[in-house]
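Here is the input, now give the coordinates:
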Amino acid sequence: MVGQLWTTKDGVKIAVHDMQTDHIQNALLYITRILEEGPPEFPSFHGEMDQAEAESAFFDAADRYDVATEWRDVLQREVERRQKEV
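Numbering: from 1, shown residues only. You can find the predicted model right below:
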């Protein structure tokens with residue numbers, strides 16, 4: 001599960017509630033691009049080393065997709081919270 005600290009492209013951690021709204025919207029666009037790629041397909045090779053490397057890449061991509069899904073939800077909730085305050 002993701003926390004409430006977003007890591008910027010510069011490596012700076014910032015609390016979601018401290019992010020500017022345009023930063024949240026840009027983060028959502030970034031996450032949308034990841035999610036549009038869809039979840040990865042499990043690879044199948046005949047060579048043992050190739051299979052191991054492909055599986056490692058698969059699990060990295062699957063983790064990235066799952067984390068992106070969680071972040072999308074966190075950031076969308078923050079946008080909705082802000083809209084209610086207006």
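
what helix or strand does the most centrally placed residue in the chain sit in?
Ranked by distance to the mean C-alpha position of the chain (C-alpha atoms, centre = their mean), the top residue is Ala68 at 2.1 Å. Per DSSP states H and E: Ala68 is located in helix 48-85.

just to revisit the earlier point, isn't the residue nearest to the centre of the chain right up against Leu28?
No: counting by C-beta atoms under 8 Å, Ala68 does not reach Leu28; the two are 10.2 Å apart. To be clear about C-beta, it is placed using only N, CA and C from the backbone, and glycine gets the same treatment.

Next up, the contacts around Ala62.
By C-beta atoms under 8 Å, 6 or more residues apart in numbering, the contact set of Ala62 is Pro39, Pro40.

circling back: just the buried residues of the helix holding Ala68, please?
For helix 48-85, burial by neighbour count (16 or more other C-beta atoms under 10 Å) applies to Ala68, Trp71, Arg72, Val74, Leu75, Glu78.

And for the third one, nearest residue in space, chain neighbours not counted?
Which is Arg72. If the residues on either side of it in the chain are set aside, Arg72 comes closest to Ile31, at 4.9 Å by C-beta to C-beta, 6 or more residues apart in numbering.

can you dump the C-alpha coordinates of the host helix or strand of that neighbour into CSV?
Counting by DSSP H and E, the element that carries Ile31 is helix 21-36. Taking C-alpha atoms only, helix 21-36 is exported to CSV below (Å, rounded to 0.1, in the frame of the first residue of the first chain):
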residue,chain,number,x,y,z
THR,A,21,-3.6,21.1,-7.1
ASP,A,22,-1.8,21.4,-10.5
HIS,A,23,0.9,19.1,-9.2
ILE,A,24,-1.7,16.5,-8.2
GLN,A,25,-3.3,16.8,-11.7
ASN,A,26,0.1,16.3,-13.3
ALA,A,27,0.8,13.3,-11.1
LEU,A,28,-2.6,11.9,-12.2
LEU,A,29,-1.7,12.3,-15.8
TYR,A,30,1.6,10.5,-15.2
ILE,A,31,-0.2,7.6,-13.5
THR,A,32,-2.8,7.5,-16.2
ARG,A,33,0.0,6.9,-18.8
ILE,A,34,1.2,4.0,-16.7
LEU,A,35,-2.2,2.5,-16.3
GLU,A,36,-3.0,2.9,-20.0
